[in-house]
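>>> below are the sequence and a predicted model for it; my questions follow.
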Amino acid sequence: MKRLLMVITVLSLAWCASAQGQTPVQWLERVERAERTVSLEGVRVTQFFLPTPTPPVEEHIVRSGVRYRVEYLRPLGRRGEVLIDDGVQRFHFLPRHKKVDVYPSEQPLMLRRRQEMVQRLRWGELVLETKDAEPVAGRKTVLLAMKSAQGKPLRRWWIDREYGVILRMEELTPRGEVRMRTEYVRLTIPADVRPDRFAPRFPAQVQQRNILPPTRVFASVDEAQPLVPFPIRQPRELPSGYRLTEVRLRLIRMRPLVSLHYSDGVSSMALFQTRLPLRDDMPLLRSLSPLDARVQKWRDGDVTLVLIGNAPPEVFQQIRTAIK
């Protein structure tokens, strides 16, 4: 059956080749190259529509390959916040609190997720189609539409025809409704970006602190369990298409924080577990809760569990009810 799916996928990819003679996977590979090489500057707007509409978030973005700088413009409560990722570390400047939180760069994780997506496409577990599409930010685009092998819509990307940059992305419900959209509304590409735009320079009175301690990575729960003084909780079964990609262990104030990471190649989740008292505004949770992530927290005996990720709500519910 898997072999048949692979044949069907290859045929569908060939049939869906774009007007420029590129297959969907070739467009995805162009996106990967653009993520590592293109320089741009512009304004991006992100908004959630389901389950509850939220006010738009507007950001001024400067990128040069894997390095980026984000300055929040809206909402007013976040104006002045700055995110800088230089490919090694990520700095989050919070002017209201006069502090800078420092984390490892998110680029290695993003690269691994894109590689997993391409692999699942080649295995026939995901299907990608190209279509002609309307301009975004005044630039010509190609639409990439991704769905599961069963035909369930997942995401859509509007790709810049000239440079391969993602200009708009939509996350979809199983019925094809738009759950979240992020898109550039103004854009200069290529942009002349000076290297010092990514220098972590902040006011002298600002306190800088490293948030995430060193991490050990394991391939399975069984490998990590001997180092954890409580039984590591895990789902009895996973939603269709999801698998455990890794287990991470950190020590915070000499207490273990375990995280189980799951992905279907498009969306991802992390299940954190600890005996530490975790506050909702804890910097660790902020660092692990990007704009497009959902967060659920609950207690199981003396262990606090936090589920974080950008998977659909129904997947979150399946994971939570399957925890043992």
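Perfect, thanks for sending it.

>>> please parse this structure into its domains.
2-198, 212-322 (automatic domain parsing).

>>> let me have these in a markdown table, extended by distance to residue 206, mean neighbour count and mean pLDDT.
In short, each C-beta sits where N, CA and C put it, glycine included. Putting the domains of the chain into a markdown table (distance: least, Cβ to Cβ, whole Å; neighbours: other Cβ atoms under 10 Å; pLDDT from 0 to 100) gives the following:
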| stretch | distance to residue 206 | mean neighbour count | mean pLDDT |
| --- | --- | --- | --- |
| domain 2-198 | 5 | 16 | 86 |
| domain 212-322 | 14 | 16 | 83 |
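
>>> okay, those domains in JSON lines with distance to residue 205 next?
Output for these, formatted as JSON lines (distance: least, Cβ to Cβ, whole Å):
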{"stretch": "domain 2-198", "distance to residue 205": "6"}
{"stretch": "domain 212-322", "distance to residue 205": "19"}
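
>>> wait, residue 323 touches residue 305, no?
Yes. Taking contacts as Cβ atoms under 8 Å, residue 323 lies within contact range of residue 305: 7.0 Å.

>>> mutual contacts of the two, please.
233, 271 (Cβ atoms under 8 Å, 6 or more residues apart in numbering).

>>> which residues does residue 248 bridge with?
residue 217, residue 259 (DSSP bridges).

>>> also residue 142?
residue 132, residue 159.

>>> wait, it touches residue 136, no?
No. Checked against Cβ under 8 Å, the pair residue 142 and residue 136 is beyond contact range at 10.6 Å.

>>> so what sits against both of those two?
residue 158.

>>> and stretch 90-110, how far apart are its ends?
Across its full length, stretch 90-110 reaches 13 Å between end residues, using Cα to Cα, to the nearest Å.

>>> how far does that stretch sit from the chain's center?
15 Å (Cα atoms, centre = their mean, to the nearest Å).

>>> for stretch 171-186, same thing?
On Cα atoms, centre = their mean, the centre of stretch 171-186 falls 14 Å from that of its chain.

>>> list of residues touching it?
42-50, 61, 136-137, 152-156, 158, 167-170, 291-292, 310, 312, 314.

>>> OK, contacts around residue 41?
Shown in contact with residue 41 (Cβ under 8 Å, 6+ apart): 60, 61, 62, 63, 187, 188, 189, 191, 193.

>>> from the residues you listed, which land in strands?
In strands, defined here by DSSP state E, the members of the contacts of residue 41 are 60, 61, 62, 63, 187, 188.
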